[in-house]
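Colleague: Have a look; sequence and predicted model below, questions after that.
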Amino acid sequence: MSETNIQDTRPVKVEVKNLTKYFGDLHVLDDVSFNIKKGEFVCVVGPTGCGKTTFLNLLTKIYTPTSGDLYIDGEPADPHKHNLAFVFQEPSAYPWLTVEQNLGFGLDIKRLSAAEKKKRVDNIIRILGLEKFRSSYPHQLSVSTEQRIIIGRAFALNPDLLLMDEPYGQMDIKLRYYLEDEVIRLWKETGSTVVFITHNIEEACYLAERVLILTNKPATIKEELRIDLPRPRRFADPEFIKVRKHITDQIKWW
Amino acid sequence: MENGSVRLSLSGITKTYSSKQGGDFTAVQDITLDVRDNEFLVILGPGHCGKTVMLNMIAGLEQASSGAIAMDGKRLEGGSDSISMVFQKLALMPWKTVMQNVEIGLQFRGEDKKTRREAARRYIELVGLAGFENAYPRQLSGGMKQRVGIARAYATNPEILLMDEPFGQLDAQTRYAMEEEIIRIWQQEKRTIIFVTSNIEEAIFLGDRIVLLSECPARVKEIYTVDAPRPRDQISSEFLSLRELISNNTDLAI
């Protein structure tokens, strides 16, 4: 496995302490604690139905925890102060805006200068290779391209935390490989802090610097493991297979 | 695997749609292939490449623009009672129980209640849903709903089963579970199966042979024979080599 003595010296961006969530009597999350470093790409995996989406919703503060705390840059997480961006499974581009306008949308709310906004949007368009679609509307594009724009928009915000919930769930496998490479490019170029939730263990191995493995409900963190394999990773590489198999063995219910 | 007799043959099948604005769109171009008795044949291709159109033509839901489809040597127009289909979006009737959903095809055929119930019960048990006869679709998980769809397709005792990405809406882990299930079901009640997917790993896990289609307009790129004994191991080196081979040959439909 990827044992490593190399310390991760990046500062802590997000700190989760003793997060617990009950919905009535249903105990979904139990005493979850972990840190995320600034600029880290973390994947969260767990068995089907373990509470990953609840976990995500607590991080985004859509739900309030039953107990426990969330800190960003050492302060209690506050939607008014901190910038959280999310990407979900269904693309949600604004149909009345062009690609360029969609990418810049969150930046208007941030009140950046026009020059800074243009710089960020142009950068994302370049990374995504969407120059010729700058003035197109979402309905003129494929579903996968629409999702790529949503993801680009999230990265353009340079958020404190970027949360992604199975954004590539329904896409064909060749397209998935392409999109996974693309999200890594976006991440590397923007230095964003990313938490990516997926049921797909191979995808988690492909993307993550670190994987958090959840148990079944009430979910806790069963294991955290670092993946130090060089990029681009190869699904047939014996070291990759070892990590994938280990995580699968921790989760497998089928 | 011994070559069985040919049950279904497609000869030069083409499907072109004309639009009102002029300009034709060809979904399927000149496809010729044979389907052998009791084989598990997988049709693999990138998303939106004409795979569903192909199945629809076999089922008689759409008509080919040119070419011929024959079953047991006889030309097929408008499908056959011996051909059943499982869809990705199942359209189970929400106001009907599992039992009532499964027996529906037999009901349309005018079978009496006793016969219908016996047949439905048998296939409900086959797909592992014994005890859920009186459940409603909303009470079932995604994987369970797909099992109802499979039981429903088997219930009319078809000779050929068409399956259109039946696991495409399921999460990656439930998908693995259902792949094992469909092989178990097929081995217990052998039929000729034509299974469409855009997932290479799924194709290799399931198929006796894999027909790889190009992106639109869909043509046959290559046909692979998978000799490996079942159950297959997704992380064995043979499996991974074949996966790399097929992946390198698959078009990216971005």
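Modeller: That came through fine.
Colleague: For residue 12, which non-adjacent residue is spatially closest?
Modeller: Looking at chain A here, since you left the chain open. residue A:35 (4.9 Å; C-beta to C-beta, 6 or more residues apart in numbering or on different chains). For the C-beta atoms, the positions are set from N, CA and C on the backbone; glycine is no exception.
Colleague: right idea, wrong chain: chain B
Modeller: residue B:67 (3.8 Å).
Colleague: mind checking the longest helix of chain B?
Modeller: With DSSP state H setting the assignment, residue counts place helix B:172-188 as the longest helix in chain B.
Colleague: so how far is that one from its chain's centroid?
Modeller: The chain centroid and the centroid of helix B:172-188 are separated by 13 Å, computed with C-alpha atoms, centre = their mean, to the nearest Å.
Colleague: Mind exporting the C-alpha coordinates of that helix to PDB?
Modeller: Extracted C-alpha coordinates of helix B:172-188, given in PDB (Å, rounded to 0.1, in the frame of the first residue of the first chain):
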ATOM      1  CA  ALA B 172     -21.000   1.700  -8.900                       C
ATOM      2  CA  GLN B 173     -21.300  -0.800  -6.000                       C
ATOM      3  CA  THR B 174     -24.900  -1.700  -6.600                       C
ATOM      4  CA  ARG B 175     -23.900  -2.200 -10.200                       C
ATOM      5  CA  TYR B 176     -21.300  -4.800  -9.300                       C
ATOM      6  CA  ALA B 177     -23.900  -6.600  -7.200                       C
ATOM      7  CA  MET B 178     -26.400  -6.600 -10.100                       C
ATOM      8  CA  GLU B 179     -23.800  -7.800 -12.600                       C
ATOM      9  CA  GLU B 180     -23.200 -10.900 -10.500                       C
ATOM     10  CA  GLU B 181     -27.000 -11.300 -10.100                       C
ATOM     11  CA  ILE B 182     -27.700 -11.200 -13.900                       C
ATOM     12  CA  ILE B 183     -25.100 -13.800 -14.500                       C
ATOM     13  CA  ARG B 184     -26.500 -16.000 -11.800                       C
ATOM     14  CA  ILE B 185     -30.000 -15.500 -13.200                       C
ATOM     15  CA  TRP B 186     -28.900 -16.200 -16.800                       C
ATOM     16  CA  GLN B 187     -27.000 -19.400 -15.800                       C
ATOM     17  CA  GLN B 188     -30.000 -20.700 -13.900                       C
END
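Colleague: Need the residues that contact the helix or strand just after that helix.
Modeller: Later in the chain than helix B:172-188, the nearest helix or strand by DSSP states H and E is strand B:192-197. Counting contacts by C-beta atoms under 8 Å, 6 or more residues apart in numbering or on different chains, the residues outside strand B:192-197 that touch it are B:7-8, B:35-44, B:51-52, B:54-55, B:58, B:159-168, B:182, B:186, B:203, B:206-207.
Colleague: Give the buried residues for the helix or strand containing residue A:120.
Modeller: Of the helices and strands defined by DSSP H and E, residue A:120 is found in helix A:114-128. For helix A:114-128, the neighbour count (16 or more other C-beta atoms under 10 Å in any protein chain shown) marks A:117, A:120-121, A:123-125, A:127-128 as buried.
Colleague: Is the longest helix of chain B positioned near chain A?
Modeller: Yes. Applying C-beta under 8 Å from any C-beta of the partner chain, one finds that helix B:172-188 is in contact with chain A at B:172-174, B:176-177, B:180.
Colleague: Save the residues you listed as a markdown table, and put in pLDDT and neighbour count too.
Modeller: Rendered in a markdown table, the data for those read as follows (pLDDT from 0 to 100; neighbours: other C-beta atoms under 10 Å in any protein chain shown):
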| residue | pLDDT | neighbour count |
| --- | --- | --- |
| B:172 | 93 | 20 |
| B:173 | 94 | 22 |
| B:174 | 93 | 21 |
| B:176 | 95 | 22 |
| B:177 | 94 | 16 |
| B:180 | 96 | 15 |
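Colleague: Adding distance to residue B:14, write these out as TSV.
Modeller: As requested, the residues of helix B:172-188 next to chain A are arranged in TSV below (distance: C-beta to C-beta, whole Å):
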residue	distance to residue B:14
B:172	35
B:173	39
B:174	36
B:176	36
B:177	37
B:180	36
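Colleague: Just the closest of those residues to residue B:146, please.
Modeller: When the residues of helix B:172-188 next to chain A are compared for distance to residue B:146 (C-beta to C-beta), residue B:174 comes out closest, at 8.8 Å.
Colleague: Next, the contact list for the nearest residue to the closest one once chain neighbours are set aside, please.
Modeller: Nearest-residue entry for residue B:174: residue B:143, 4.6 Å, with adjacent residues in sequence omitted and distances by C-beta to C-beta, 6+ apart. Residue B:143 makes contacts with B:170, B:174, B:177-178, B:181, as judged by C-beta under 8 Å, 6+ apart.
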